[in-house]
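>>> below: sequence and its predicted model.
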Amino acid sequence: MPELEFFLVAGLTVLAGSVVQSGLGLGLGLVAAPVLVVLEPALMPGALLTATVVLPLLTVCAEWRHIDWHGLAWGLPARIPGAALGAWLVGVLEPRVLGAAVGTTVLLAVGLSLRVRRRFTVTPAALLTAGTAAGVTGTLTSIAGPPLALLYQHEPAARVRGTLGGFFFAGTLISLAVLGVAGRLTGVQVQVGLLLVPAVLAGYLLGRPLRRRFDSRGVRLALLGVIACSGAALLVRSLA
């Protein structure tokens with residue numbers, strides 16, 4: 001079990017990520033995964049997945065009227081084969097390589113969010129592709145949001161939050177189940193994840209009043225800048 005210093009840093013990081021996701025619909029994995037991989041790579045991705053399953057459940061309860069159920073029906077089943085591939089990669093990759101994978105995923109997600117400006121058509125083919133990609137990245141790095149978020153980025157904020165919340169909740173359960181079946185989910189990871197749940201709940205409550213500010217372009221760009229710095233630091237540390 002990690003020491004107290006780990007829980008202080010990890011708790012603050014998860015708290016910050018939960019605030020971001022509560023307002024934007026995603027961000028907990030993007031903010032917290034790079035830090036947790038640096039602190040305790042052996043705990044990833046199981047600990048963060050265990051902690052994060054609570055937040056999308058709360059989002060679904062609050063935004064269920066705005067969820068695109070048709071989109072979930074296409075995207076979620078595709079996450080299962082993606083999660084299986086991600087679980088296999090967890091078993092064959094070294095911690096340093098896993099850290100580089102998280103950092104690269106974060107930077108790619110930020111780059112795509114900044115550069116892609118055209119409106120995507122949410123088709124079954126696009127949802128299947130995004131669902132599979134999210135299964136791989138979510139199981140491997142605890143970061144599953146960018147593929148689906150790119151599809152829905154031009155939708156109303158409530159629809160984005162609700163749909164991503166439904167996708168994250170069911171998808172995280174799928175990733176945890178696949179990791180468990182593959183023998184890649186340890187008891188320590190689950191215990192640490194449960195101990196981080198209070199930070200997730202606090203972040204959700206703190207983030208609710210900030211949703212209108214998160215809708216603005218300026219704050220979104222600032223958040224992406226912080227996330228990019230976190231991913232870059234992890235990538236440099238992993239490759240050094």
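Nice, I can see it. Numbering: from 1, shown residues only.
>>> where does the chain have low pLDDT?
Counting by pLDDT under 70, the chain contains low-confidence ranges at 95, 116-120, 212-223, 226, 230, 234, 237, 240.
>>> now the strands for it?
Taking DSSP state E, the chain contains no strands at all.
>>> helices of that one, start to end?
4-24, 28-39, 46-52, 54-63, 69-92, 95-115, 124-141, 145-152, 157-181, 187-195, 197-207, 211-214, 217-239 (DSSP state H).
>>> check which residues of the fifth one are buried.
What that stands for is helix 69-92. For helix 69-92, a neighbour-count test (16 or more other C-beta atoms under 10 Å) marks 71-72, 74-80, 82-84, 86-90 as buried. C-beta: built from backbone N, CA, C; applies to glycine.
>>> the inter-axis angle of that helix versus helix 145-152?
160 degrees (axes from the mean of the first three to the mean of the last three C-alpha atoms, to 10 degrees).
>>> mind checking how far Val53 is from Leu107?
25 Å (C-beta to C-beta, to the nearest Å).
>>> repeat that for Arg79.
23 Å.
>>> and what of Gly231?
The value you get for Gly231 to Leu107, if C-beta to C-beta is used, is 5 Å.
>>> which one of the two has more residues nearby?
Gly231 (25 against 18; other C-beta atoms under 10 Å).
>>> need the contact list for the more buried one.
Residues counted as contacts of Gly231 (C-beta atoms under 8 Å, 6 or more residues apart in numbering) are 30, 34, 102-107, 110.
>>> please pick the buried ones from those.
30, 34, 102-107, 110.
>>> format the residues you listed as CSV; extra columns: distance to Leu235.
Output for these, formatted as CSV (distance: C-beta to C-beta, whole Å):
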residue, distance to Leu235
Leu30, 14
Pro34, 8
Val102, 8
Gly103, 3
Thr104, 6
Thr105, 10
Val106, 8
Leu107, 7
Val110, 12
